[in-house]
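Peer 1: Sequence first, predicted coordinates after that:
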Amino acid sequence: MVQITSEKIDVQAAVESVTTPESGGIDLFIGTTRNHSKNRAVAWLEYEAYESMALKMMERLEEEARSRWPISKAVLIHRIGRVDIGEASVVIAVSSAHRKEAFEACRFLIDKLKQVVPIWKREFFADGTVEWSRQYHAEEGTTETL
Amino acid sequence: MVQITSEKIDVQAAVESVTTPESGGIDLFIGTTRNHSKNRAVAWLEYEAYESMALKMMERLEEEARSRWPISKAVLIHRIGRVDIGEASVVIAVSSAHRKEAFEACRFLIDKLKQVVPIWKREFFADGTVEWSRQYHAEEGTTETL
Amino acid sequence: MKVTMRLFSIAKDLAGFDAREIELPEGARAADVFVVLNAVSTSFEDWRPSLMLAVNREYVSSEHPLKNGDEVAVIPPVSGG
Amino acid sequence: MKVTMRLFSIAKDLAGFDAREIELPEGARAADVFVVLNAVSTSFEDWRPSLMLAVNREYVSSEHPLKNGDEVAVIPPVSGG
């Protein structure tokens, strides 16, 4: 299940949506807004999505994870619009019979999401400046297609 | 923070307890009760702990994780007593500045918890039989000390 | 042919708009949207190496052939998560 | 010396009790609790290879020297999580 929302992400609901009687483990990743970026104080973030394509890419990532690991259920939720410090911008939850697969699939999903899903973060700094984040490229490599 | 409780584990509260303005990612593992074990239908589980030692071991695992990874906060909660199908028996949450460390530390903590923390699972099968689980030993190796 | 060009993030800021119907000659390729964009702002020249293209919500190469009615999106480096 | 012996999980079931004050001779080692347990149930012989010992909430070897007032726990294979 994939979702893009401008509301606060309900972590408890995400957990419940992947809980099944067959699954023994759930791994959940929550990306939260940090109060600093490149050593500068961040006031808040805003996320913009190419929503129809982002949903399509998130669905494809879920399919790819399912083809690689015996997942029970998976959910990928990304928030858009303003996200305050400490709030969740992304939640990924994966359930499976054994924990190893849940961890691996969850890690795969967040890593790939950050590489290919067309969503952009705009940083509103405490000093009043505003920048589109180039964090991913600067720190971890270049964008690749699936 | 470590905790042993006979109440339902509040996942939302666990997430909030590790959320900090400095952390960019939280990895959360939830162990849930499966409806089958060794191909037999399970009705429910009961967990028993050597509580004082279990808490001490859980604290030591948290310390060891902190010495290995730059963790912001970590919480380990294990439930004891009866746990019904689909309910959480264990929740581990780790926050850190970057997701890699959160994933690695969380995985380390659940793996080690299952190896060294003196807690025992008793399986109540649908056919009325009751057995102390030897799952860990049978599937993954032998118990080791820290 | 007519295609819809969509711009996001920094590309939207550089152009000053987020979507536009544009007319391209028959046989046009995805990267031909930059002919239009370079006329709007010279900054697209600098940004070109880091801008990807998507046609109908799929990443494509610069050489991807366009057809009438396509939605061509200019995708700056993504930074979700 | 007197030590408190604590039993959990299968060890508790085998013995039929979960805790007992026992008297051990000076110089006793952790594994000497099995002298007591083997007298309670012959099943402890079979289980011995998989039972660990803890003294005052720390895993110890069989040879760990005991002192008066120690809490000695018999730890069957753990299965938490």
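Peer 2: Done, it's in.

Peer 1: what residues are up against A:Met58?
Peer 2: A:Val2, A:Ile4, A:Leu76, A:His78, A:Leu113, A:Val117 (C-beta atoms under 8 Å, 6 or more residues apart in numbering or on different chains). From N, CA and C alone the C-beta is placed, and that goes for glycine too.

Peer 1: Spatially nearest residue to the first one (excluding sequence neighbours)?
Peer 2: The spatial neighbour of A:Val2 that comes closest, neighbours along the chain excluded (C-beta to C-beta, 6 or more residues apart in numbering or on different chains), is A:Met58 at 3.8 Å.

Peer 1: what about the helix or strand where the one you found lies, distance to the chain center?
Peer 2: A:Met58 belongs to helix A:51-68 when assigned by DSSP states H and E. Remark: helix A:51-68 is offset 12 Å from the chain centroid, using C-alpha atoms, centre = their mean, to the nearest Å.

Peer 1: still on that earlier bit, looking at the contacts of A:Met58, which are in strands?
Peer 2: Using DSSP state E, A:Val2, A:Ile4, A:Leu76, A:His78 are the members of the contacts of A:Met58 that sit in strands.

Peer 1: Kindly reformat those residues as TSV containing neighbour count and pLDDT.
Peer 2: Formatted as TSV, the ones in strands among the contacts of A:Met58 follow (neighbours: other C-beta atoms under 10 Å in any protein chain shown; pLDDT from 0 to 100):
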residue	neighbour count	pLDDT
A:Val2	20	98
A:Ile4	19	98
A:Leu76	29	98
A:His78	26	98
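
Peer 1: so who does residue 49 touch?
Peer 2: Just so you know, I chose chain A. A:Ile4, A:His78, A:Ile80, A:Pro118, A:Ile119, A:Trp120, C:Gly80.

Peer 1: Regarding the nearest residue to A:Ala102 once chain neighbours are set aside, what is its secondary structure?
Peer 2: Nearest non-adjacent residue to A:Ala102, counting by C-beta to C-beta, 6+ apart: A:Asp27, 4.0 Å away. Assigned by DSSP: H, G, I helix; E, B strand; the rest coil, the conformation of A:Asp27 is strand.

Peer 1: Please report how far A:Asp27 lies from chain D.
Peer 2: 13 Å (C-beta to the nearest C-beta, to the nearest Å).

Peer 1: so how far is C:Val36 from that residue?
Peer 2: 45 Å (C-beta to C-beta, to the nearest Å).

Peer 1: out of those two, which sits in the more crowded spot?
Peer 2: A direct count of neighbours by other C-beta atoms under 10 Å in any protein chain shown for A:Asp27 and C:Val36 places A:Asp27 higher, at 29 against 16.

Peer 1: Of all the residues in chain C, which one is nearest chain A?
Peer 2: Proximity of chain C to chain A (C-beta to the nearest C-beta) peaks at C:Gly80, 3.0 Å away.

Peer 1: burial of the spatially closest residue to that residue that is not a sequence neighbour, as a residue count?
Peer 2: Spatially, and ignoring its direct neighbours in sequence, C:Gly80 is nearest to A:Ile119 (3.0 Å; C-beta to C-beta, 6+ apart). By the measure other C-beta under 10 Å, the count of residues near A:Ile119 is 28.

Peer 1: residues touching A:Thr32, list them.
Peer 2: By C-beta under 8 Å, 6+ apart, A:Thr32 lies in contact with A:Gly86, A:Glu87, A:Ala88, A:Ser89, B:Thr19, B:Ser23, B:Gly24, B:Gly25, B:Ile26, B:Ser95.

Peer 1: Could you report the distance from the fifth one to A:Thr33?
Peer 2: Okay, so that is B:Thr19. The gap separating B:Thr19 from A:Thr33 is 10 Å, by C-beta to C-beta.

Peer 1: which residues are common contacts for those two?
Peer 2: With C-beta under 8 Å, 6+ apart, B:Thr19 and A:Thr33 have common neighbours A:Gly86.

Peer 1: Between the two, which has more neighbouring residues?
Peer 2: Remark: of B:Thr19 and A:Thr33, A:Thr33 carries more neighbours, 23 against 19, as counted by other C-beta under 10 Å.

Peer 1: That one contacts A:Ile85, correct?
Peer 2: Yes: counting by C-beta atoms under 8 Å, A:Thr33 touches A:Ile85, with 5.1 Å between them.

Peer 1: Quick check: the residue of chain A nearest chain D.
Peer 2: A:Arg99 (8.2 Å).

Peer 1: residues touching the closest residue to that residue other than its chain neighbours, list them.
Peer 2: Nearest non-adjacent residue to A:Arg99, counting by C-beta to C-beta, 6+ apart: A:Gly25, 3.7 Å away. By C-beta under 8 Å, 6+ apart, the contact list for A:Gly25 reads A:Ser95, A:Ser96, A:Ala97, A:His98, A:Arg99, A:Ala102, B:Phe29, B:Ile30, B:Gly31, B:Thr32.

Peer 1: and if we set it to 6 Å?
Peer 2: By C-beta atoms under 6 Å, 6 or more residues apart in numbering or on different chains, the residues touching A:Gly25 are A:Arg99, A:Ala102, B:Gly31.

Peer 1: most neighbours, which of those residues?
Peer 2: A:Ala102 leads the contacts of A:Gly25 on contacts (other C-beta under 10 Å) with 28 neighbours.

Peer 1: Cool, thanks, signing off.
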